[in-house]
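[1] coords please:
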Amino acid sequence: MAAEKNSDTSDREISSTRRFAAPRELVFRMLTEPEHIVHWWGPNGFTLTIETMDVRAGGVWKFVMHGPDGRNYDNENHYTEVKPPERLAFEHRSSPNFSAEIVLKAVGDETELMMRMVFATAELRNMTAEKFDAVEGQKQTLNRLADYLTVGKPFEISRTFDAPRDIVWRAWTEQDRLAEWFGPKGARTVSAKLDLRPGGTYHVCMHSAGMGEMWGKWVFREVIPPRRLVWVNSFSDAAGNIARHPMVPVWPRELLSTVTFDEAGPGKTTVTLQWSPINATPEERQTFDGMKESMTGGWTGTFDRLTEYLAKS
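    This is a model prediction of the structure:
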């Protein structure tokens, strides 16, 4: 059942209230659109992979939360009420079970959000609070939403290539092919090792005249041939340890990278890449947001190289 409204549930609930400097309609979208909620839902250090998100009464939202310790947590929510832009209610069918509601109240141009989780017993509530640090986790989740609303949308770039999707997919997922084109103009791959699987890595060293030798590391979250790749992207050292950007010390240490491959007609493929900071400080997020023009230039050069590679393959 949905979160109880008329009984005293204070000893069985975990709740938070937060005001956001954003209109209610926008905040409601952040809660109900997969392309947004994937970037902020969950405590600090967690990332999200959405399996399905059908936002309607009776609809199901299934996702996996990836913890900073490498563990995965399956989640399944069943919506019981969807009333745009005022209220969401759902049952959390995964362990621990609870019912939840999110209420949005317009306060001028801002939005007051109340999030409440109600458990069957006080014992279950206390166990969840202690085992999962759920009280602090709920606060951190709303802090991440505030950061996301402040910084704005992820970086996104897209291009349509004159090659079938299976060929473009192989260019991104086979070590020798990837080494031929990946990287900004003027860079060349010196060393690379690819382990293409969820939890696997791509560890690469590139050299360019302007920056010398640079190491990078991808840790794959999703590998869904030939449609989708998701990984966490970082600068690294030769041993594979995460490192700071060699030229921009306040650049985010980790970026969630999502690449989709869509058929765009006979023999054509549209590739769309999204980048979004994870586990980042406010200063790092601001740096990221201020460098989107530079990212566009870098990825344009990389896509130019892929165009050239596909033309001669």
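[2] so what touches stretch 145-153?
    The contact list for stretch 145-153 (Cβ atoms under 8 Å, 6 or more residues apart in numbering) reads 18, 20-22, 26-27, 30, 36, 39-40, 277, 282, 285-286, 288-289. In this view, the C-beta of every residue, glycine as well, is placed from N, C-alpha and C.
[3] swap the cut-off to 6 Å and go again
    20, 22, 39, 40, 285, 289 (Cβ atoms under 6 Å, 6 or more residues apart in numbering).
[4] list the buried ones in that stretch?
    Burial within stretch 145-153, assessed by neighbour count using 16 or more other Cβ atoms under 10 Å, is assigned to 145, 146, 147, 148, 149, 151.
[5] how near is residue 232 to residue 193?
    The gap separating residue 232 from residue 193 is 17 Å, by Cβ to Cβ, to the nearest Å.
[6] other SSEs contacting the strand or helix carrying residue 304?
    According to DSSP states H and E, residue 304 maps onto helix 292-312. Using 3 or more Cβ pairs under 6 Å, 6 or more residues apart in numbering; DSSP states H and E as the contact test, the elements touching helix 292-312 are strand 155-161, helix 175-181.
[7] can you list the strands that the first one pairs with?
    According to DSSP bridges, the neighbouring strands of strand 155-161, each with its direction, are strand 269-278 (antiparallel).
[8] and the helices in the chain?
    Here the chain has its helices, by DSSP state H, at 24-32, 34-37, 122-131, 134-151, 165-173, 175-181, 282-290, 292-312.
[9] low-confidence bits of the stretch 201-313 of the chain, can you list those?
    Counting by pLDDT under 70, the stretch 201-313 of the chain contains no low-confidence segment.
[10] hmm, 80 instead?
    209-211, 279, 282 (pLDDT under 80).
[11] now the residue nearest in space to the middle of the chain: how far from residue 153?
    For the chain, the residue sitting closest to the mean C-alpha position, by Cα atoms, centre = their mean, is residue 39 at 4.0 Å. According to Cβ to Cβ, residue 39 and residue 153 sit 9 Å apart.
[12] hey, what's residue 60 bridged with?
    residue 78.
[13] rewinding a little: can you pull the buried residues of the helix holding residue 304?
    Quick answer for helix 292-312 (16+ other Cβ under 10 Å): 292, 295, 298, 299, 302, 303, 305, 306, 309, 310.
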